[in-house]
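Visitor: can you look at this prediction? I've put the sequence above it.
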Amino acid sequence: MSVPADAPILTVKAMREAEAACAVQGTSLSELMDAAGAAVADLAWRMAAGAPILILCGPGNNGGDGYVAARLLAARGAQVRVAALADPATGLAKAARALWDGPVEPLDGRTHPAPLIVDALFGVGLSRPLADELETVLAHFSDRRILAVDVPSGVDADGAADWIPPLRADVTLALGALKPAHVLLPSAQACGRVLLAPIGIEAGRKMRTMPRTQTQPPDASAHKFTRGMVLVFAGPMRGAARLTAAAALRAGAGYVVLDGSDQAPLSAIIAESDEKFGERLNDPRVGAVVIGPGFPASDELIFDVEAALDSGKSLVLDAAAIDAALPRLSETPRKAILTPHEGEFARAFPQAYGSKIDRAKAAAVRTQAVVIYKGADTIIAAPDGRVAAAWPGSPWLATAGTGDVLAGACGAMLARGGDAFDAAVAAVGWHIARAARIGPGLVADDIIRD
């Protein structure tokens, strides 16, 4: 599974707006369809490697892309057939169909498959699940190689509905920009390898995939405090906070203090009792405070979170600390990163709805904090609408303690100063890269080892 790094993501509505903007700027919708069809034809030509191709065309513009691809493939000498679900229903699709001079078969249970199936049935235009009869027809092709145009048919392109398509793609060619379905579960798993075809659309950069992980070395004037000082509060489950503190140091912090523990995970980490709590919060060198790992809901947690909020420091809040901070978080301006997993998010933000991206954005606006909505399809959202999608991450991170490690990495990135969203993106990238390097058998302690 793969998606392009640092690629734009557009919802269906935003994609339509981008297409309309192209038309205003002089690029017609028919030219966009020609570019899309040409991209599909190029990829299908390579995937088929001389084998016959069957293109499934729907009645809308996704089907129009299929007709354009069929015409171009035939001109190259490919063995290409077209099977249509219905007659074209849009002007663009009708025009594309008129230029295809080959036969068009009906798409039904008698349609003979080919080694490569190009799914150009619905794309982003689907507003409801596929009919059972069509699912049965498409299931006949499930043992063939599948190239989906934009998104596999039967998928909600915006990722709000959890429809599973009958034809899981081996490769999905996103047109112009990625769609939320390419980076959100369960649809992302049905897209196979995702490739992006630029077709002349200017897509904004506010919502994108993760950039390539880059580790910037400290400059020659750096010292331990300019690299960032992180203060980690230990809860009753001390091991979680030790993972957090060690991760902060490994992720680049210059100085880490573990408050509330008499045992440091690394010799360079300062472990202190709670007697230093207020003193450390008042230390102007502290660039970020991390609280929540290993700290269940309690009066003690509420007290510590209140003190952290009163300090004005940049915060990383995990687990129950998120709930403890919610009443005041949006009213006390500061840089903050929240790191909830699915259960924690549902508890903290029960009124959020829509896709995972929609819910993360709503939570970021409500709290005025950056939200890392964790999971295999991690979403990072900022209050100003910026979003980064971290699909695919590493499946080996699905083990105890890795969230504590991420919280520490967030503390390290945030303590350096700068933008909280960029810090969160850097922390998630570091987390995934470390996990990918370790691979099978990963436990959280491995991530913080050299």
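Guide: Structure's in. What do you need?
Visitor: quick one, strands of the stretch 101-250 of the chain?
Guide: Taking DSSP state E, counting those that start in this stretch to define them, one finds strands in the stretch 101-250 of the chain at 104-106, 116-120, 145-149, 171-175, 193-197, 207-209, 229-233.
Visitor: which non-adjacent residue is nearest Ser30?
Guide: Leu92 (6.0 Å; C-beta to C-beta, 6 or more residues apart in numbering). All C-beta spots, glycine's among them, are computed from the backbone N, C-alpha and C.
Visitor: no no, Val257
Guide: Closest residue to Val257 apart from its sequence neighbours, by C-beta to C-beta, 6+ apart: Ile270 at 4.6 Å.
Visitor: pipe the strands of the stretch 101-250 of the chain into JSON lines and attach distance to Asp65 and mean neighbour count per row.
Guide: Below are those laid out as JSON lines (distance: least, C-beta to C-beta, whole Å; neighbours: other C-beta atoms under 10 Å):
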{"stretch": "strand 104-106", "distance to Asp65": "15", "mean neighbour count": "14"}
{"stretch": "strand 116-120", "distance to Asp65": "5", "mean neighbour count": "28"}
{"stretch": "strand 145-149", "distance to Asp65": "5", "mean neighbour count": "27"}
{"stretch": "strand 171-175", "distance to Asp65": "7", "mean neighbour count": "25"}
{"stretch": "strand 193-197", "distance to Asp65": "10", "mean neighbour count": "19"}
{"stretch": "strand 207-209", "distance to Asp65": "23", "mean neighbour count": "23"}
{"stretch": "strand 229-233", "distance to Asp65": "50", "mean neighbour count": "31"}
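Visitor: can you add distance to Ala251 and mean pLDDT and give these back as a markdown table?
Guide: Listed next are the strands of the stretch 101-250 of the chain as a markdown table, based on distance: least, C-beta to C-beta, whole Å; pLDDT from 0 to 100:
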| stretch | distance to Ala251 | mean pLDDT |
| --- | --- | --- |
| strand 104-106 | 57 | 97 |
| strand 116-120 | 42 | 98 |
| strand 145-149 | 37 | 98 |
| strand 171-175 | 32 | 98 |
| strand 193-197 | 28 | 96 |
| strand 207-209 | 21 | 97 |
| strand 229-233 | 9 | 96 |
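Visitor: which among these is found nearest to Asp318?
Guide: strand 229-233 (10.4 Å; C-beta to C-beta).
Visitor: contacts for that closest one next, please.
Guide: By C-beta atoms under 8 Å, 6 or more residues apart in numbering, the residues outside strand 229-233 that reach it are 241, 244-245, 248, 253-260, 277, 280-281, 283, 285-291, 293, 295, 304, 308, 313, 408, 411-412, 415.
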